[in-house]
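# Okay, structure incoming, though there's no sequence with it:
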Ligand SMILES: [Zn+2]
């Protein structure tokens, strides 16, 4: 990869990027990429503790996400502040996603699978919503100046990303060898303390997934994606 390539990862919740693409992110950063994270919600419903409040949980999870990003060398983390579980494909979210794409001007955008599958975890409603909004934002909304003209007055010029990586293990067509960065992925994941109660079990599961994913390409450990190339 060319030196200085800009990559923006846009996901629904804190920890989604770590589960889905942190090994690849660590690898791309080692190869010279500059990576930004955009997290649409602060995951403020993800707790089984009855004494927990949404406000407190949001602060905890934002802090966990910042630590995980730091472990990987991600340069910026932006929280869009939408309520967990309530992402809607509507103008405010579309504008906010277009805004960050025009701010960070990434060649590559990484996001979640917009399609409903029968895997309840990968196919969370918020994941589908953000994935669909990101695809609409990449083309045509971030590219065409007449969408959200207020962004132009903020000084944000139109931007064309070159490609999108959809995270996930459903029908992948692109694999990233994360053998050298699996440890970084696990270290970043472990920062999400409020979510990974039984760390041993999570670590074992994530290693197994990465191993299974790598098998298709003969890598010891891998993450997989669907690749979408956009015309220049
Ligand atoms: Zn999620």
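Received it, and whenever you're ready, just let me know what you need. Remember, it's a predicted structure, so these values are computed and weren't measured experimentally.
# switch to C-alpha atoms for all contacts and neighbour counts from now on
OK.
# near the ion, which residues of the chain?
Applying C-alpha under 5 Å from the ion, one finds that the chain approaches the ion through 13, 16.
# can you rerun that using 8 Å?
Residues of the chain found near the ion (C-alpha under 8 Å from the ion) are 11, 12, 13, 14, 15, 16, 43, 121, 122, 124, 126, 127.
# what's the farthest-apart pair in those?
43 and 122 (15.2 Å; C-alpha to C-alpha).
# Between the two, tell me which one has more neighbours.
residue 43 (25 against 22; other C-alpha atoms under 10 Å).
# What residues sit buried inside whichever strand or helix holds residue 164?
Counting by DSSP states H and E, the element that carries residue 164 is strand 163-167. In terms of neighbour count (16 or more other C-alpha atoms under 10 Å), strand 163-167 has its buried residues at 163, 164, 165, 166, 167.
# just checking, what packs against it?
With contacts taken as 3 or more C-alpha pairs under 8 Å, 6 or more residues apart in numbering; DSSP states H and E, strand 163-167 sits against strand 108-112, strand 222-229.
# out of those strands, deepest packed?
strand 108-112 (a mean of 26; mean count of other C-alpha atoms under 10 Å).
# Show me what it is in contact with.
By C-alpha atoms under 8 Å, 6 or more residues apart in numbering, the residues outside strand 108-112 that reach it are 6-11, 127-128, 130-131, 134, 161-168.
# quick check: angle from the strand holding residue 164 to strand 108-112?
Using axes from the mean of the first three to the mean of the last three C-alpha atoms, to 10 degrees, the inter-axis angle of strand 163-167 relative to strand 108-112 is 30 degrees.
# Strand 163-167 pairs with which strands, parallel or anti?
Each strand paired with strand 163-167, and its direction, by DSSP bridges: strand 108-112 (parallel), strand 222-229 (antiparallel).
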